[in-house]
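>>> Sharing a model that was predicted from the sequence below.
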Amino acid sequence: MKRAFLLAILYLAISIAATRSSGCPAAEPAVYFSPKGGCTQAVVDELARAKKTVRVQAYNFTSPPIVAALIAAHGRGVDVQLCLDARAAASKGNAGRQCAAAGLPTFVDAAHPIAHSKVMIIDGETLVTGSFNFSKQAEKNLENLLVIHDAGLAAKYLANWSEHQKHCQPLGK
């Protein structure tokens with residue numbers, strides 16, 4: 001009985017700690033694994049829900065469904081901006097130029113040997129990250145993806161994105 005009581009108290013404490021400032025409990029993180037684990041669709045679904053902003057850091061960026069979802073978000077008036085690895089952005093098949101041509105501010109990060117982040121910050125509240133590259137090949141590889149609805153954590157990633165965007169150059173310059 002004492003153990004059950006202590007577990008109940010621990011659960012309550014964890015639940016309270018997970019509560020957002022709005023008073024709503026934080027959503028449970030969603031976890032996806034490839035191969036063929038629904039990672040691409042999860043990214044597309046989160047982008048379809050974007051209302052204000054999307055910030056992307058990407059290494060390998062070749063996924064047509066993800067590119068289409070980013071362009072569609074931009075078409076709905078969402079402020080979408082990308083920072084891509086410079087070498088990967090210059091490679092054949094990279095969708096950076098397609099996004100730039102569609103009017104999305106697209107930058108390259110040549111300040112690092114590899115800009116290997118795979119991150120999306122959506123509306124300052126949702127974080128999409130993991131080893132999952134936003135690429136055609138990623139659904140065939142052994143990769144993982146986390147979708148976390150946590151404004152505090154998203155803010156930390158957004159601050160990091162903003163810091164790196166300062167040294168990025170517009171794609172094609």
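Now that the structure is in, tell me what you want to look at.

>>> switch to C-alpha atoms for all contacts and neighbour counts from now on
Fine.

>>> Can you show me the strands along this structure?
Under the criterion DSSP state E, the chain contains strands at 30-34, 53-58, 79-85, 106-109, 119-122, 126-129, 143-149, 169-170.

>>> Paired strands for the last one, with orientation please.
Right, the one you point to is strand 169-170. Paired strands of strand 169-170, with direction, are strand 106-109 (antiparallel) (DSSP bridges).

>>> again, but for the first one
The sheet places strand 30-34 alongside strand 143-149 (antiparallel), with pairing taken from DSSP bridges.

>>> which outside residues touch the partner strand?
Outside of strand 143-149, the residues within contact range by CA atoms under 8 Å, 6 or more residues apart in numbering are 26-35, 39, 125-133.

>>> picking that back up, format the strands of the chain as CSV; extra columns: distance to residue 155, mean neighbour count and mean pLDDT.
Putting those into CSV (distance: least, CA to CA, whole Å; neighbours: other CA atoms under 10 Å; pLDDT from 0 to 100) gives the following:
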stretch, distance to residue 155, mean neighbour count, mean pLDDT
strand 30-34, 19, 16, 95
strand 53-58, 11, 23, 97
strand 79-85, 16, 25, 96
strand 106-109, 20, 26, 94
strand 119-122, 8, 27, 98
strand 126-129, 9, 24, 97
strand 143-149, 11, 20, 97
strand 169-170, 23, 16, 93
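
>>> With distance to residue 99 added, can I get those strands in CSV?
Below are the strands of the chain laid out as CSV (distance: least, CA to CA, whole Å):
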stretch, distance to residue 99
strand 30-34, 25
strand 53-58, 12
strand 79-85, 9
strand 106-109, 7
strand 119-122, 15
strand 126-129, 19
strand 143-149, 22
strand 169-170, 12
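
>>> How many residues are close by residue 135?
For residue 135, the count of nearby residues is 22 (other CA atoms under 10 Å).

>>> wait, what's in contact with it?
60, 61, 62, 63, 64.

>>> Out of the residues you listed, who's the most crowded?
residue 60 (27 neighbours).

>>> which regions of this protein sit below the pLDDT cut-off?
Applying pLDDT under 70 to the chain picks out residues 1-26, 173.

>>> Do a quick rundown of the helices in it.
2-17, 39-49, 64-75, 86-89, 96-101, 151-165 (DSSP state H).

>>> highest average neighbour count across those?
Most buried of the helices of the chain by mean neighbour count (mean count of other CA atoms under 10 Å) is helix 86-89; its value is a mean of 21.
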